[in-house]
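Trainee: Have a look at this prediction, sequence included:
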Amino acid sequence: TMDFPGGKVAFTPKMSFISESPEERAQCYRVLDEDGQPLAPSNFMQVSEQIAIRMYNEMVTLQTMDNIFYEAQRQGRISFYVTSIGEEAINIASAAALTFDDPVFPQYREPGVLLWRGFTLQEFANQCFGNKADYGKGRQMPVHYGSNKLNYFTVSSTIATQIPHAVGAAYSLKMDKKDACVVTYFGDGGSSEGDFHAAINFAAVREAPVIFICRNNGWAISTPTSDQFRSDGIVVRGPAYGVRSIRVDGNDALAMYSSVRAGREMAIGEQRPILIEALTYRAGHHSTSDDSTKYRPANEIEWWRTARDPVNRLRKWIESNGWWSKEAESELRSNVRKQLLHAIQVAETVEKPPFSDLFTDVYDVPPSNLREQEVLLRETIKKYPQDYPGDVPF
């Protein structure tokens, strides 16, 4: 052996290239089978009746919210929407395993984390309708949520930019010796960006307490994973960068809860990054601007929406424990629907943010070029009022 940078390396007279792919794919951690029954022997963090029922309630709420807001966009009431259909377990179960002290850097398919932390249906509706009560003051696209109070950084459309931000924030927690970790979410498409590679390497070298949760749902809009990479998914990249990693069934709420909870304990207790690859399937279109039947079979989508639905799987488990009933199911879905429809009605009637908000919150004192733009825009609106929304206070 000989000392090289990084440690001792053994010599061998045999020339042998490391294989580009292992003989067997990395295994996927699962707790519940398709019928909601625990696999034997099961190794998972126990979930109380209270937490399990709340997880199920929030998953149903997220699913219902997606359906109603999607229809609202199709009716022309909001401009855009992104669903989390098929990925409800990743959202809710991971959120349940965290604490409010853990900052979240999301992509755009994790509204369930906000839901778990207490973001109200009215707050979701206010953001999607861009009214005066929207914390972003109507300056963001719908579903680009954010909440300072709930430690949830505002969604950015640009793919993967949140990943290096999360690592920087985690390094800050480390320096301040905080009892918390940062969590960042991204899709398989995000893992194909350079930001991911730079961030995970920085996290490994600086031993930052951050959990990387990759929702490997098979598609980056219309680009399948087979056109993105040749590796065995994302989980194998962790060891290559020196990061402890696990592959999890993303449609299994108990597996997600257990892996994130265990990952959090390691991230904080051992001051290290953790990579979790959650295998799932994007059972909805990428967004309301997409028709995924143009690039994947409709029957494949339907199969995942029904046979592999994470919401149904968790419901079967809580039913088998005697914690749920048909009556509770009917009441839950009816109440959530009523609350959502009411929230939308209220959000539609709330006044829009004033026109002047377009020019605030960047500079303490607006520079001359920005003041000139405001004057010019005001003059243009006065000259061509028919080309601008009439419900924005001028």
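Mentor: Perfect, thanks for sending it.
Trainee: what's the offset of the helix-or-strand element of the chain with minimal mean pLDDT from the middle of its chain?
Mentor: In the chain, no helix or strand scores lower on mean pLDDT, DSSP states H and E than strand 2-4, which sits at a mean of 87. Centroid separation for strand 2-4 versus its chain: 42 Å, with C-alpha atoms, centre = their mean, to the nearest Å.
Trainee: Past it, which element shows up next along the chain?
Mentor: The element immediately downstream of strand 2-4 (helix or strand, assigned by DSSP states H and E) is strand 7-9.
Trainee: next helix or strand past that following strand?
Mentor: Per DSSP H and E, the first helix or strand lying C-terminal to strand 7-9 is helix 49-74.
Trainee: ok, back up a step: which strands and helices sit next to the least confident helix or strand of the chain?
Mentor: strand 7-9 (3 or more C-beta pairs under 8 Å, 6 or more residues apart in numbering; DSSP states H and E). In short, each C-beta sits where N, CA and C put it, glycine included.
Trainee: In the strand it packs on, which residues are buried?
Mentor: For strand 7-9, the neighbour count (16 or more other C-beta atoms under 10 Å) marks no residue as buried.
Trainee: neighbouring contacts of that strand?
Mentor: Applying C-beta atoms under 8 Å, 6 or more residues apart in numbering, the contact partners of strand 7-9 are 1-3.
Trainee: Once you drop chain neighbours, what's closest to residue 171?
Mentor: With C-beta to C-beta, 6 or more residues apart in numbering as the criterion, residue 171 has its nearest non-adjacent residue at 4.7 Å, and that residue is residue 208.
Trainee: Check residue 237 and give its pLDDT.
Mentor: pLDDT for residue 237: 97.
Trainee: burial count for it?
Mentor: Other residues near residue 237 number 21, with proximity taken as other C-beta atoms under 10 Å.
Trainee: so who does it touch?
Mentor: Shown in contact with residue 237 (C-beta under 8 Å, 6+ apart): 191, 200, 231, 245, 275.
Trainee: can you give me the strands in the stretch 151-300 of the chain?
Mentor: Counting by DSSP state E, counting those that start in this stretch, the stretch 151-300 of the chain has strands at residues 182-187, 210-216, 219-220, 223-224, 244-249, 274-279.
Trainee: next SSE after the one helix or strand residue 114 maps to?
Mentor: Using DSSP H and E, residue 114 sits in helix 111-117. Remark: after helix 111-117, the chain's next helix or strand is helix 121-129, criterion DSSP H and E.
Trainee: Name the nearest residue to the residue nearest the centre of the chain, ignoring sequence neighbours.
Mentor: Compute the mean C-alpha point of the chain, and by C-alpha atoms, centre = their mean the closest residue is residue 110, 2.8 Å away. Among residues not flanking residue 110 along the chain, residue 185 sits closest, at 4.8 Å (C-beta to C-beta, 6+ apart).
Trainee: Report how many residues lie close to the one you found.
Mentor: Residue 185 has 27 nearby residues by other C-beta under 10 Å.
Trainee: doesn't residue 107 make contact with it?
Mentor: Yes: between residue 185 and residue 107 there is a contact under C-beta atoms under 8 Å: 5.3 Å.
Trainee: Please identify every residue contacting each of these two.
Mentor: Counting by C-beta under 8 Å, 6+ apart, the residues touching both residue 185 and residue 107 are 162, 215.
Trainee: Isn't residue 190 up against residue 164?
Mentor: No: counting by C-beta under 8 Å, residue 190 does not reach residue 164; the two are 11.5 Å apart.
Trainee: I'd like to know how far residue 118 sits from residue 187.
Mentor: 25 Å (C-beta to C-beta, to the nearest Å).
Trainee: What of residue 327?
Mentor: Noted for residue 327: a distance of 37 Å to residue 187, by C-beta to C-beta.
Trainee: neighbour count winner among those two?
Mentor: When neighbours are counted by other C-beta under 10 Å, residue 327 and residue 187 differ, and residue 187 comes out ahead with 25 against 8.
Trainee: Many thanks, I have nothing further to ask.
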